[in-house]
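Chemist: Okay, predicted coordinates and the sequence, questions at the end:
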Amino acid sequence: MATTSTPDSSPTPSSSPHPSPTPPRALSFDRAAAQYGAARPGYPDALLDAVEELAGRPLRGARALDVGAGTGISTRRLRDRGAAVVAVEPGPGMAAELRRTLPDVPLVRGDGNGLPFADASADLITYAQSWHWTDSARAAPEAMRVLRPGGALALWWNVADPGVGWVAEQGDRLLAFFAAEVPEVAGPGAANTGVHGSPVSARDLPAGLSFVHRRVPWTRRVPLDTHLANLGSHSAFLILGDEPARRFLSEEREHLARHFPDGTVAETYVVELSVAIR
């Protein structure tokens, strides 16, 4: 496993069972790593507050693993809160973007199905937008192995708020588009799940762990181009091909220009957070 130097307070790298192959769709982000890092939403301070509350300890000084770290969006937030965080990322393109933007953060190439860290070496393991890419039956025991007693597993997702009119309308357009383009995989709600996100109730949370759930609403205002780049950075578009994606995003620009004539989109989210204590 390639890694940068790791501070003494960070979880200890170790041998581990070989992880199962990362799903090809998960690695589709590598072709759009810079776009992903620039356009995807971050997370509000209230989310980090909730993680601290539910984990029962401050992030400052916590030995943390951010698994499926991608370009480091959540890694940066954990580091800025004072956590001794190590990023864990399987994709070479995403890892390269993380190294470019966070050169001081230790990085390990790997995934949650076989964490390359010693037993009881982490206070906190986080999965931001990434738990659904794991094999839950393998990743959950791995997390429990690596967490110290009393440590916390925190899973969270930004979910576009369907209670907002324009978000619901966009969700309908996404569903119709993917049902037409890839009917074999676009069952009821599938397109919205892949791009707008889905609530925790639809996630494959590991059985046998007692999770506490919290919903954190927030909004960011971004240029229309950033919003469209955010949509286009989702795997559903990345595996589809350039021409269909370009066509949908071009039409979506026209729809959204009517809602946001000043060219600034108010993206409304609810962060779905689930925390379990070892």
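Modeler: Done, it's in.

Chemist: Please list all residues in contact with the nearest residue to Pro206 once chain neighbours are set aside.
Modeler: Of all residues not flanking Pro206 in the chain, Ala140 sits nearest, at 3.4 Å (C-beta to C-beta, 6 or more residues apart in numbering). Where C-beta positions appear, they are placed from N, C-alpha and C, glycine not excepted. For Ala140, the contact set (C-beta atoms under 8 Å, 6 or more residues apart in numbering) comprises 153, 206-209.

Chemist: quick one, strands of this protein?
Modeler: Chain-ordered strands for the chain, with DSSP state E as the definition, fall at 63-67, 84-88, 107-108, 122-128, 147-160, 211-223, 264-277.

Chemist: Kindly reformat those as TSV containing distance to Arg99 and mean neighbour count.
Modeler: Conversion of the strands of the chain to TSV gives the following (distance: least, C-beta to C-beta, whole Å; neighbours: other C-beta atoms under 10 Å):
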stretch	distance to Arg99	mean neighbour count
strand 63-67	14	29
strand 84-88	9	28
strand 107-108	6	24
strand 122-128	18	26
strand 147-160	24	21
strand 211-223	25	15
strand 264-277	26	19
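
Chemist: surely Val108 meets Ala95?
Modeler: No. Under the criterion of C-beta atoms under 8 Å, Val108 is not in contact with Ala95, lying 9.2 Å apart.

Chemist: Now for the two: what residues contact both?
Modeler: Counting by C-beta under 8 Å, 6+ apart, the residues touching both Val108 and Ala95 are 87, 89.

Chemist: what's the closest of the strands of the chain to Gly241?
Modeler: Of all those, it is strand 147-160 that lies closest to Gly241, at 23.5 Å by C-beta to C-beta.

Chemist: partners of that closest one, with directions?
Modeler: strand 122-128 (parallel), strand 264-277 (antiparallel) (DSSP bridges).

Chemist: Now do the closest residue to Ala46 other than its chain neighbours against Val271, distance only.
Modeler: Counting by C-beta to C-beta, 6+ apart, the nearest residue to Ala46 once its immediate chain neighbours are dropped is Val216, at 5.0 Å. Remark: distance between Val216 and Val271 (C-beta to C-beta, to the nearest Å) = 4 Å.

Chemist: so what sits against both of the two?
Modeler: Between them, Val216 and Val271 share these contacting residues under C-beta under 8 Å, 6+ apart: 44, 47.

Chemist: Helices of this protein, start to end?
Modeler: Listed in chain order, the helices of the chain (DSSP state H) span residues 24-27, 33-39, 45-55, 73-80, 92-101, 136-146, 165-181, 190-195, 224-232, 235-238, 242-259.

Chemist: Take these and write them to JSON lines, including mean pLDDT.
Modeler: Below are those laid out as JSON lines (pLDDT from 0 to 100):
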{"stretch": "helix 24-27", "mean pLDDT": "58"}
{"stretch": "helix 33-39", "mean pLDDT": "84"}
{"stretch": "helix 45-55", "mean pLDDT": "98"}
{"stretch": "helix 73-80", "mean pLDDT": "97"}
{"stretch": "helix 92-101", "mean pLDDT": "94"}
{"stretch": "helix 136-146", "mean pLDDT": "96"}
{"stretch": "helix 165-181", "mean pLDDT": "91"}
{"stretch": "helix 190-195", "mean pLDDT": "53"}
{"stretch": "helix 224-232", "mean pLDDT": "95"}
{"stretch": "helix 235-238", "mean pLDDT": "80"}
{"stretch": "helix 242-259", "mean pLDDT": "93"}
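
Chemist: Which one, of those helices, ends up nearest to Arg278?
Modeler: Comparing the helices of the chain by their distance to Arg278 (C-beta to C-beta), the top pick is helix 136-146, with 5.5 Å.

Chemist: so what's the closest residue to Ala229 other than its chain neighbours up against?
Modeler: Using C-beta to C-beta, 6+ apart and skipping the chain neighbours, the partner closest in space to Ala229 is Ala39 (3.7 Å). The contact partners of Ala39, taken as C-beta under 8 Å, 6+ apart, are 226-227, 229-230, 232-233.

Chemist: Counting neighbours, what do you get for the nearest residue to Ala257 once chain neighbours are set aside?
Modeler: Of all residues not flanking Ala257 in the chain, Leu224 sits nearest, at 7.0 Å (C-beta to C-beta, 6+ apart). In terms of burial, Leu224 registers 17 neighbours under the definition other C-beta atoms under 10 Å.
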